[in-house]
Structures are given as structure tokens and as C-alpha cells.
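Peer 1: below are the sequence and a predicted model for it; my questions follow.
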Amino acid sequence: SSDGGLLLLREAERQLGVCRRLAEEMPDRRDPDRVRHAMFEMVMARAAAIACGYEDGNDLDRLRHDPLMKVAVGRCPESGAPLASQSTISRLENAPSKSEAARLSAALLDQFGATVRPGRLEVLDIDDTFCAAHGGQQLAFWNAHEDERGFASMHIYHVASATPVATILRPARTPKGTEVKTVIRHVTKRLRRHWPSTRIVWRGDSHYGRVEAMEWAEGNGIDYIFGLAGNTTLDALVAETAANLRFHHASSSTPKLRTYASIIYQAGSWTRPRKVVARLECSLQPDARDDVAPGMRQEVDIRYVVTSLKGTAQHLYEDIYCQRGQMENLIKLHKAQLASDRMSCHRATANQVRLALHTAAFWLMHGVRAAIPATSPLAKAEFATIRERLIKIGARVIEHIARIRIHLPTSCPERALFRAVALGIMPSAP
């Protein structure tokens, strides 16, 4: 086998149980007397293949004979029957109904709640990412910014632990206020089963700063910090601060100068005023106007954030809101390095199931990375690097009567690290 790291993925599954949790929620309408592939075996094989870099179901036609893939799902490498083929995996992805696919998402939410130990306050990041459509697929929508049809999958992450909370398939358009409120309400109520006394803060860009979501959060003891689109009213409220910033920037030698302001603002659609934080940055920018000579002119860039949190304007913006930048890296791991944008099924429900399987692969890779010693450079590496260094290792598998021997190359550059991760992730002997 060319994927010796499947041994690590198998131990990660034994520790986390994410694939088994999904398998228990998968509908199984097959005749029990004719079942050749257990539900857990199919889910584990699909998630492990994604983690190894085989993002298409077609790859299972070859991987079903891989000896280490058989070992990973619990079968003997030589005497064990071949695993599920592409057609069987395709039927698996298309089997759940809409409500059953929702239960898979709830199972992943329970996985997060049961795995991550909360503190007194936890921040959840919410954002979406564009995924191009492949043909006439359900929920595909035209996106003018991307200039093509596709989806805008909604991702929710717990950045402190770098773990996924939920992934939701949706059209490629800006979410409405009722949609944002519904997602936040369902996720929060489900998390309350695991975190009954934890203070939850929702964080997102201006797409998610909807009055419906803010009103629900305020009425249910939830905090938030969302980006807010600027307008002339907001600009007028911070005009004096901007003028002072221009003066100090003109009299200083620094290329950029920042300041912060906290104001109380009520939009026309809001029923009550809310706290808004403004970040103002003054700098020199090229003057592109046609009626003046080429040169530089002073500009003030203003960004707004609406929040229910207490604290200084600078702390709320820099230390809390700007930390959501890590969310983009987590989405990249899910989308680019685990290929979760491969949603080529026609049915939207089947593509939602695929998102769940890719999220399970995320959990497996995260489990392997969490077992890497903190002193190793790979402790904070991306999944693609971990796959290249620890997963893509050649192995020779020999099946005996009483045991299975797996020979790994003695010249492997990461030999010591592989051993340390394997010992760290394996359960303790009784």
C-alpha cells in the first residue's frame, strides 16, 4: 500500500468515533441477510480515502482492494473481501432523505460538543465559501462576483480548537436575515445540550450582521460581533474623529495611522440602538483623478462592527473581531485540501451528505495532527503537508494466521515522528 498513514487515521477514528457516529445516523434500508458492506465500513472507507487525497468516489474502485484500507475499516488485508465499490458509495451518498441528511449534520454538531471541552466563553465563527457547480444541480445559483453558477456552503468553526461545528449546503447568494437566524438558533440550541453554562459568542462578517439574528441572540443570552456595512449616517457620526485623524497623520511621519471609536447607532430597520465600533485608518494613496496632477492624497478607510460585547473599541476590533481571519485558513483546509467543493451530485441532499463525509475526514486529519508532539514543526502544519509527510508512506502488509504484520520503510524521513504519533494516538493497553 502507498498509504501507510491509514494506520494513524484508523486510530484517530477509534479515539474520536466520528465515522461510527455518522454511520449510526445513516439510513439503512437494505435486507440484513444480503448486506456485504456494513454502514461503518463504507463511511470509514470514504472518509479515509478523502483524508488520503482520493476525493472522488471513483477512486474506491481501486482502493477497495488496498490492504491497508481494509485494515482501516476492520477487515483482513488479504483474506478479507473487497470493500465497497464506487457504485455502492454513490448509493450511500444518495440514500438519505432531507431530514436524514439534517440528522447527519446534527451528529457532527454532537461530535463537536462531545469532543471539545468548553471554557467560560467560546467564540464560533460563521462564514461561507463559493463552490462552482458542475452542470444542472439543485440549489446551484448564479453568483455575479464569481461570474458562474455554484453554491455558497456555510461553514461554522470553533477557532480556538480549529474544529468544524457545521457545514451547510446553500445557494451562492448573500444569506437572508431569517436564514442566518435559523442557523444560529439551531446550532446554539443543540450546543446547549453539551455546553449548558458556557457563554457563546457568534462572530461573522457583514453578511451575517442581520437584525433578525441579533434580536434572537439578545433575547436568548447570546453575544455577537458582526461586521456592519458603512453608510453616510455612520460616516457622519465619526466625522470629527476622522478629521482629527487626518490632522495627526499630516503632522506625523508614519505612513499609516489608526484610531478607534465607539458609538451608539440605530438603523432604520432596528427596533433598538446598538453599540458600533469604528476602525479608522488614514494613509496616503495614489491620486487617480483626471483633473489633478499625478501625486498622493490622504484617504481615511473606515470599517464598522456591531456587537453586544463590552470593552474598548480597539480591543473589540483588533483582539476579537480581527481574529476571525483564522476562519479563512480552516475553510481552506476543508475546501482546498480535503476537496469539499467536489459536490457533483445532482441532488442537493446528496451533496449535503458529501459535505458531512468531508467533515468527517477533517476530524480524522485533525485527530492525527493533534497527536503530533508540540515540539515538531508539523504540529501546526496544514493537512496537505501532514498527508505528504505522514500519510503517503509505503507499507508492506503480510497477513498471518494469528496476526497482521505491517512493514514500514526504515529509510522514511519521518520515521521517529510516525512512531511518536502512533504511540500517542493509540489507546492505552488494559
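Peer 2: Ah, there it is. Numbers count the residues shown, from 1 in each chain.

Peer 1: these two touch, right, Ile225 and Val201?
Peer 2: Yes. Applying C-beta atoms under 8 Å as the test, Ile225 and Val201 come out as touching, 6.6 Å apart. Where C-beta positions appear, they are placed from N, C-alpha and C, glycine not excepted.

Peer 1: overlap in contacts of those two?
Peer 2: Leu309 (C-beta atoms under 8 Å, 6 or more residues apart in numbering).

Peer 1: more crowded one of those two?
Peer 2: Ile225 (22 against 19; other C-beta atoms under 10 Å).

Peer 1: element containing the more buried one?
Peer 2: Using DSSP states H and E, Ile225 sits within strand 223-228.

Peer 1: partner strands of that strand, with direction?
Peer 2: strand 199-204 (parallel), strand 295-307 (antiparallel) (DSSP bridges).

Peer 1: winner for burial among these?
Peer 2: Counting by mean count of other C-beta atoms under 10 Å, strand 199-204 has the highest mean neighbour count of the strands paired with strand 223-228, with a mean of 21.

Peer 1: and the helix or strand following that strand, how far out from the chain's middle?
Peer 2: Downstream of strand 199-204, the first helix or strand assigned by DSSP H and E is helix 211-219. Computed by C-alpha atoms, centre = their mean, to the nearest Å, the chain-centroid distance of helix 211-219 equals 24 Å.

Peer 1: contacting residues around helix 211-219?
Peer 2: Contacts for helix 211-219 (C-beta under 8 Å, 6+ apart): 177-178, 180-181, 184-185, 202, 222-224, 226, 267, 269-271, 274, 306, 308.

Peer 1: how many neighbouring residues does His346 have?
Peer 2: Neighbours of His346 using other C-beta under 10 Å come to 13.

Peer 1: look up phi and psi at the spatially closest residue to it that is not a sequence neighbour.
Peer 2: Leaving aside its sequence neighbours, His346 sits nearest to Gln137 (C-beta to C-beta, 6 or more residues apart in numbering; 5.6 Å). With angles defined as degrees, to the nearest 10, Gln137 sits at phi -110, psi 150.

Peer 1: count of residues packed around Gln137?
Peer 2: Counted with other C-beta under 10 Å, Gln137 comes out at 18.

Peer 1: and the strands in the protein?
Peer 2: 121-132, 141-143, 148-158, 163-168, 199-204, 223-228, 256-265, 274-287, 295-307, 396-399, 404-407 (DSSP state E).

Peer 1: switch those strands over to JSON lines; also include mean pLDDT.
Peer 2: Below are those laid out as JSON lines (pLDDT from 0 to 100):
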{"stretch": "strand 121-132", "mean pLDDT": "95"}
{"stretch": "strand 141-143", "mean pLDDT": "92"}
{"stretch": "strand 148-158", "mean pLDDT": "95"}
{"stretch": "strand 163-168", "mean pLDDT": "96"}
{"stretch": "strand 199-204", "mean pLDDT": "96"}
{"stretch": "strand 223-228", "mean pLDDT": "96"}
{"stretch": "strand 256-265", "mean pLDDT": "94"}
{"stretch": "strand 274-287", "mean pLDDT": "90"}
{"stretch": "strand 295-307", "mean pLDDT": "89"}
{"stretch": "strand 396-399", "mean pLDDT": "93"}
{"stretch": "strand 404-407", "mean pLDDT": "92"}
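
Peer 1: test my guess that Glu414 contacts Ile391.
Peer 2: No. Between Glu414 and Ile391 there is no contact under C-beta under 8 Å: 10.3 Å.

Peer 1: out of those two, which sits in the more crowded spot?
Peer 2: Ile391 (24 against 17).
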